[in-house]
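[1] here is my input, please return the structure:
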Amino acid sequence: MANQLPYDATMIPTELERNISEVDRRIRAAERASGRATGAVSLLAVSKTKPSELVRQAHGFGLSAFGENYAQEMAEKAAALADLPLCWHFIGPIQSNKTALIAEVSDWVHSIDRLKVARRLSEQRPDDRAPLNVLVQINTSNEDSKSGVGPDAAPELMEAINELPGLRLRGFMTIPAATTNQAEQREPFRQLKELMARLSDSLPYLDTLSMGMSGDLEAAVSEGANIVRVGTDIFGARYN
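    The predicted structure is shown next:
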């Protein structure tokens with residue numbers, strides 16, 4: 001499997017269970033602190049580069065949604081874990097030659113930033129599956145190294161994606177520049193929330209903001225995140 005090393009035996013189930021419990025505690029505390037309803041925020045466990053055995057253990061501790069960056073790796077894990085009721089989210093950059101595999105396996109795609117890719121996903125979504133839930137990735141920090149469309153270009157792209165029959169447009173995703181300053185963490189998340197509010201008249205069914213990771217999930221929850229993507233604080237340092 002691409003970019004995957006053998007299972008790390010030091011990640012014993014009791015440690016994994018503690019990690020999941022602690023992340024859940026942080027999310028619920030952030031919900032309370034920001035006056036949001038308990039359970040308003042879902043945890044997406046980022047399992048990229050981690051073995052299927054570890055995903056199976058995480059499911060045993062209550063997780064069902066997993067995020068992957070590599071199409072082939074996601075497909076192989078989905079096949080290995082087909083006996084479990086898992087929800088697969090593709091969260092990485094999308095290569096045009098991988099859209100068929102992503103459309104076939106994924107339940108969600110968080111990283112659409114080109115209409116060409118969206119069209120391919122729509123056309124390649126199997127007829128026997130529900131429309132693919134999709135998010136448009138916004139480059140809120142204007143970093144050349146990051147994927148995503150600029151906020152000003154998002155409305156036109158969203159309107160075009162909304163016409164594609166194989167997709168169900170749900171909202172936005174962002175990966176802002178890393179910082180430990182919570183005020184600076186909150187600003188790009190606030191921008192995304194405001195962008196979705198501005199589009200609510202023309203696209204009233206948008207309901208999902210995928211934002212926040214291990215180091216900034218509290219800031220994201222305070223600004224309206226519905227999904228937080230956590231890998232390191234659940235599974236430990238990722239393999240490169």
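[2] can you list the low-confidence ranges for this protein?
    Where the chain drops to pLDDT under 70, the residues are 1-13, 143-145, 238-240.
[3] where do the strands sit along it?
    Here the chain has its strands, by DSSP state E, at 42-46, 65-68, 87-90, 108-112, 132-138, 167-174, 208-210, 227-230.
[4] what is the burial count for residue 106?
    Per other C-beta atoms under 10 Å, the neighbour tally for residue 106 reads 25. Every C-beta, even on glycine, is put in place using the N, C-alpha and C of the backbone.
[5] next, format the strands of the chain as JSON lines and append distance to residue 147 and mean neighbour count.
    Listed next are the strands of the chain as JSON lines, based on distance: least, C-beta to C-beta, whole Å; neighbours: other C-beta atoms under 10 Å:
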{"stretch": "strand 42-46", "distance to residue 147": "16", "mean neighbour count": "21"}
{"stretch": "strand 65-68", "distance to residue 147": "15", "mean neighbour count": "23"}
{"stretch": "strand 87-90", "distance to residue 147": "13", "mean neighbour count": "22"}
{"stretch": "strand 108-112", "distance to residue 147": "6", "mean neighbour count": "25"}
{"stretch": "strand 132-138", "distance to residue 147": "6", "mean neighbour count": "25"}
{"stretch": "strand 167-174", "distance to residue 147": "10", "mean neighbour count": "24"}
{"stretch": "strand 208-210", "distance to residue 147": "14", "mean neighbour count": "24"}
{"stretch": "strand 227-230", "distance to residue 147": "14", "mean neighbour count": "24"}
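[6] so for residue 78, which of those sits nearest?
    For these, distance to residue 78 was read as C-beta to C-beta. The smallest value, 5.7 Å, belongs to strand 87-90.
[7] list the helices and strands the closest one packs on?
    When contacts are defined as 3 or more C-beta pairs under 8 Å, 6 or more residues apart in numbering; DSSP states H and E, strand 87-90 sits against strand 65-68, helix 71-80, helix 99-105, strand 108-112.
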